[in-house]
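[1] Okay, structure incoming, though there's no sequence with it:
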């Protein structure tokens, strides 16, 4: 199957003209529309078992390198260089996607680990004391490197730049998730060091970051309505990062925080009350509507845990379940949640047609068209 890189290379080699390339893209789009598969939200992950085979080798090889590299600067830089060499062969030449995803992550990971700060400089600029209980400067580097916000921000910036270099070289869409994730971590650490935010401020900051990533994902989506090019894959990975940031921070902002003695029925330290359950249902309904409208399921998937908690809490109150009935409540919740997901999957296309009919033609013309139910 021809990919975007193949068409670009064919134009640069003079095999086809740029005009012919655009006609090929339009032809492929018309064939996809004819098959009513435009809303499958496809993305390139594996082309065959060979991708998985290489991925297994990369995981095993990287596990050994992580152990032997430790937190040493030189050894981690050597590991990053080895990963880059593998990427040149497996991604640059063979165009393997799943191995490329692993290599992009590992390259950023080793760069992140190689940016251990010098403890004396950190102590000088941050005022952090050197504790006698810590036996060596290496131990200090490890502790400070994972606790001080400014240090973590610097390391996140290094990993972000590494991911950006990887993306510029190989044009792997997954690298955009690493770039966006690194920027979010950098911003979070900088804000934490300056404002020392509480839980609400922290959630608000993550919500803003999530919305920014979501906006970037939508920019890619709107530039490729038919989802035929690399832009669609770029949007997919950005949506995958934006969704949990938006969902988690939004629920933390709108639900009351846990108080002593309050009944706890949700993860992440949220107190569950009837109003909390209703709030979760409303939030999930709104996110589901947005997901269906833009034809991206990540928002909905990220909210399933909270939806399951709200369903479980509602069932518990409805039957006045005691501790012995918790397995029944759990599996009843899983059953209901699974049925809802299946129903949404079956009704996705009719719902999209219904939603698209509620908006202006200008907006609808920029969103993926809804397929038929046939």
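    Nice, I can see it. Worth saying up front: this structure is predicted, and the values here are computed from it rather than measured. Numbers count the residues shown, from 1 in each chain.

[2] Toward the C-terminus, what is the element adjacent to the helix or strand bottoming out on mean pLDDT in the chain?
    Of all helical and strand segments in the chain, the minimum by mean pLDDT, DSSP states H and E falls on helix 137-147, at a mean of 47. The helix or strand immediately downstream of helix 137-147 is helix 149-170, counting by DSSP states H and E.

[3] Contacts only, for the residue positioned nearest the centre of the chain.
    Residue closest to the mean C-alpha point of the chain, counted by Cα atoms, centre = their mean, is residue 241 at 2.4 Å. Contact analysis of residue 241 by Cβ atoms under 8 Å, 6 or more residues apart in numbering lists 177, 180, 181, 184, 213. The way it works is simple: take the backbone N, C-alpha and C, and place the C-beta from them, glycine included.

[4] Point out the ones among these that are inside helices.
    Counting by DSSP state H, the contacts of residue 241 place 177, 180, 181, 184, 213 in helices.

[5] Which pair of those residues spans the longest distance?
    Spanning the widest gap among the ones in helices among the contacts of residue 241 are 177 and 184, at 10.4 Å by Cβ to Cβ.

[6] can you list the weak-confidence ranges in this protein?
    For the chain, applying pLDDT under 70 flags the ranges 1-5, 8, 25-26, 28-43, 116-147, 196-197, 256-271, 320-324, 371-374.

[7] how far away is residue 78 from residue 164?
    Remark: distance between residue 78 and residue 164 (Cβ to Cβ, to the nearest Å) = 21 Å.

[8] what's the answer for residue 221, then?
    21 Å.

[9] And for residue 226?
    Distance, residue 226 to residue 164, by Cβ to Cβ: 28 Å.

[10] do residue 157 as well
    Relative to residue 164, residue 157 is positioned 10 Å away (Cβ to Cβ).

[11] moving C-terminal of the one helix or strand residue 87 maps to, what's the next helix or strand?
    Using DSSP H and E, residue 87 maps to helix 73-87. Using DSSP H and E, the helix or strand that follows helix 73-87 in sequence is helix 97-114.

[12] Quick one: work out the angle between that following helix and helix 149-170.
    Here helix 97-114 runs at an angle of 150 degrees relative to helix 149-170 (axes from the mean of the first three to the mean of the last three Cα atoms, to 10 degrees).

[13] which other helices and strands contact helix 97-114?
    For helix 97-114, the packing partners by 3 or more Cβ pairs under 8 Å, 6 or more residues apart in numbering; DSSP states H and E come out as helix 49-69, helix 73-87, helix 149-170, helix 174-195.

[14] residues near the residue nearest to residue 200 when sequence neighbours are not counted, how many?
    Using Cβ to Cβ, 6 or more residues apart in numbering and skipping residues adjacent in sequence, the residue nearest residue 200 is residue 253, 6.7 Å away. By other Cβ atoms under 10 Å, 13 other residues sit near residue 253.

[15] residue contacts, residue 253?
    By Cβ under 8 Å, 6+ apart, the contact set of residue 253 is 200, 203, 204, 207.

[16] ok, 10 Å please
    199, 200, 203, 204, 206, 207 (Cβ atoms under 10 Å, 6 or more residues apart in numbering).

[17] Overlap of the contact sets of residue 157 and residue 164?
    With Cβ under 10 Å, 6+ apart, residue 157 and residue 164 have common neighbours 182, 183.

[18] How much space separates residue 333 from residue 308?
    Using Cβ to Cβ, residue 333 is found at 5 Å from residue 308.

[19] How about residue 349?
    Distance, residue 349 to residue 308, using Cβ to Cβ: 25 Å.

[20] before we move on, what about residue 111?
    Residue 111 sits at a distance of 37 Å from residue 308 (criterion: Cβ to Cβ).

[21] These two: who's more crowded?
    residue 111 (23 against 20).

[22] Now for the residue lying closest to that one once chain neighbours are set aside, how many residues are close by?
    The shortest distance from residue 111 to any non-neighbouring residue, by Cβ to Cβ, 6+ apart, is to residue 162 (3.9 Å). Counted by other Cβ under 10 Å, the residues lying close to residue 162 total 26.

[23] Test my guess that residue 162 contacts residue 110.
    Yes. Counting by Cβ atoms under 10 Å, residue 162 touches residue 110, with 8.3 Å between them.

[24] shared neighbours of the two, anything?
    80, 83, 84.

[25] Residue 114 is in contact with the second one, correct?
    Read that as residue 83. No. Assessed by Cβ under 10 Å, residue 83 is found out of contact with residue 114, at 11.7 Å.

[26] More neighbours: which of these two?
    Neighbours were tallied for residue 83 and for residue 114 using other Cβ under 10 Å; the higher tally belongs to residue 83 (26 against 22).

[27] Identify the residues contacting that one.
    58, 61-62, 65, 102-111, 162, 166.
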